[in-house]
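Engineer: what shape does this take:
(one chain, ligands or ions: 1)
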Amino acid sequence: MAFAAPRRPSPPFAAAVLAMINPEDLAKHYTRFRVTERILLTGHSHQAWPDVAFEAQEQAWLDAAQYVDDVWEKAFEKANEVRRGFARLLDDTPERIALAQNTHELVVRFLSALPLRKRPTLVTTDAEFHTIRRQLDRLAEEGIEVIKVPAMPAATLAERLAISVDDRTAAVLVSAVLYTNAHIVPNLRVVQEACERVGAELLVDAYHALNVVPFSLKKEGLERAYVVGGGYKYCQLGPGNAFLRFPADCALRPVITGWFSEFTDLSQAPMPGRVGYGPGPRAQPTSNRDSVGCLEERCNWWISGDPGAAGWEDSKSPTQEEHLDRLSRRDVAAGSGAIRHGCATRRRHGSSRARASGPKLG
Ligand SMILES: Cc1ncc(COP(=O)(O)O)c(C=O)c1O
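Structural biologist: I've put the predicted structure just below:
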């Protein structure tokens, strides 16, 4: 089979890049990955991490050894630096960034706060990273209705997700950039708007976008969205640095919670008869500090509020057919024709095939 020759950067472009980045200067910051001795071409998580990432992890341990029981102040200080960094990448404010070790932990907390008895449907795509994909597949086995919209073409994904949302939808979970093929998912604001119309939540997995494509929540119209991401990929922070960004008036109360949140306000904790949540992420680590990683301060991202009317009375889950009927009726009404029975069904089959051929790791 003949392959097209790779396109070389034009000389002026290459010269401009070299003028900006001197490889030798850069290599000095990556000594532990021995970048002068070997070529690392992986473009994602397992690329070279800078020495400073190692030093930060090491410093966490050293701080614990030095400050012992007084380490909290230091830890919060570091956690705030991390929040500021993630907030900058999202064009957002650090007060709305909560930290945890991985996005799965935060996605699970998010899911645990949804009124799934009253709204038993989750809408997602067939190209989500394993964090969301596997967890939702497992929830589907337990009777949660998971609608997987085909991710391709990414150019129209947002619109197709939007028309899949209805008043039984608890949340939409979608990536900002597809990890499978790096396609950017444009126009996610229409999903946000659809969610707002029916009172559903939107969670955007921005891991594959973070620090590699611009992702301003303001410009994207996603200030009402929940966003997960982390430092393991294009931020080169090393492991244990994930975040969940939550909207200003977040009132969700996760069922999966740690113990530290209620200590935010010692005068109120613990309240009899009701589990309390602190007022913001900064002072709300969910559990005790891990021994590794000053960047991995584990924080609760929830602010206090009511869980909403998650009554048992409306817990009957519609069958797949019923849901597809609803979708198809709406499609006809809206004239979009974007999602048909066959699409969702085919996608389900498609995802099994994908698993059989082995997962793509991020
Ligand atoms: C799109 C996406 N989401 C999430 C993750 C990581 O998930 P977790 O933090 O649960 O390991 C990755 C890769 O590491 C990813 O590519």
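
Engineer: outside of whichever helix or strand Val190 is part of, which residues touch it?
Structural biologist: Using DSSP states H and E, Val190 maps to helix 189-198. The contact list for helix 189-198, computed with Cβ atoms under 8 Å, 6 or more residues apart in numbering, reads 158-159, 161-163, 165-167, 169, 171-172, 174, 200-202, 220-222, 224-225. For every residue, glycine as well, the C-beta is placed using N, CA and C.

Engineer: and the buried ones among those residues, selectable in ChimeraX?
Structural biologist: Of the contacts of helix 189-198, the buried ones go into a single ChimeraX selection, burial set by 16 or more other Cβ atoms under 10 Å:
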select :158,159,161,162,163,165,166,169,171,172,174,200,201,202,220,221,222,224,225
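
Engineer: if we can go back for a sec, now the helix or strand following the helix holding Val190 against helix 189-198, angle please.
Structural biologist: Following helix 189-198 in sequence order, the next helix or strand is strand 201-205 (DSSP H and E). Angle, strand 201-205 to helix 189-198, by axes from the mean of the first three to the mean of the last three Cα atoms, to 10 degrees: 150 degrees.

Engineer: so which elements touch strand 201-205?
Structural biologist: helix 103-112, strand 169-175, helix 189-198, strand 226-230 (3 or more Cβ pairs under 8 Å, 6 or more residues apart in numbering; DSSP states H and E).

Engineer: of the ones you listed, which approaches Ile132 most closely?
Structural biologist: Between Ile132 and the helices and strands packed on strand 201-205, the tightest spacing by Cβ to Cβ is seen for strand 169-175, at 5.2 Å.

Engineer: what's the angle between that closest one and helix 103-112?
Structural biologist: Using the same axes, to 10 degrees: strand 169-175 against helix 103-112 is 160 degrees.

Engineer: avg pLDDT for strand 169-175?
Structural biologist: For strand 169-175, mean pLDDT is 98.

Engineer: from here on, count from 55
Structural biologist: With the count now opening at 55, the last piece we talked about shows up as strand 223-229.

Engineer: touching the ligand at all, that strand?
Structural biologist: Yes: for strand 223-229, a contact with the ligand is found by Cβ under 6 Å from any ligand atom, at Ser229.

Engineer: list of residues touching that strand?
Structural biologist: 161, 164-165, 168-170, 173-179, 181-183, 186, 190, 211-212, 215, 218-219, 239, 242, 245, 248-249, 252, 254-263.

Engineer: got it, and stretch 87-107?
Structural biologist: 81, 83-86, 286-288, 290-292, 415-416.

Engineer: check which residues of that stretch are buried.
Structural biologist: By neighbour count with 16+ other Cβ under 10 Å, stretch 87-107 contains the buried residues 87, 89, 99, 102-104, 107.

Engineer: that one and the ligand in contact?
Structural biologist: Yes: against the ligand, stretch 87-107 shows contacts by Cβ under 6 Å from any ligand atom at Ser99.

Engineer: could you tell me the end-to-end distance of that stretch?
Structural biologist: When the termini of stretch 87-107 are compared using Cα to Cα, to the nearest Å, they are 11 Å apart.

Engineer: same check on stretch 234-251?
Structural biologist: 30 Å.

Engineer: got any ranges where this structure has weak pLDDT?
Structural biologist: Scanning the chain for pLDDT under 70 picks out 55-65, 72, 314-324, 332-416.

Engineer: the same query, at a cut-off of 80, please.
Structural biologist: Residue ranges of the chain with pLDDT under 80: 55-75, 97-98, 312-416.

Engineer: close to the ligand: what parts of it are there?
Structural biologist: Residues of the chain lying near the ligand (Cβ under 6 Å from any ligand atom): 99, 156-158, 183, 185, 229, 233, 259, 261-262, 284, 286-287, 296, 416.

Engineer: go with 8 Å
Structural biologist: 98-99, 155-159, 161, 182-186, 229, 231, 233, 259-262, 282-284, 286-287, 296, 415-416 (Cβ under 8 Å from any ligand atom).

Engineer: how many neighbours does the closest residue in space to Ala296 that isn't next to it in sequence have?
Structural biologist: Take Ala296 and drop its neighbours on the chain: the residue closest to it by Cβ to Cβ, 6 or more residues apart in numbering is Gly284, 3.6 Å away. Gly284 has 28 neighbours, counted by other Cβ atoms under 10 Å.

Engineer: OK, contacts around Gly284?
Structural biologist: Gly284 neighbours (Cβ under 8 Å, 6+ apart): 156-157, 261, 264, 291, 295-297.

Engineer: among these, who's most crowded?
Structural biologist: Ranking the contacts of Gly284 using other Cβ under 10 Å puts Phe297 first, with 30 neighbours.
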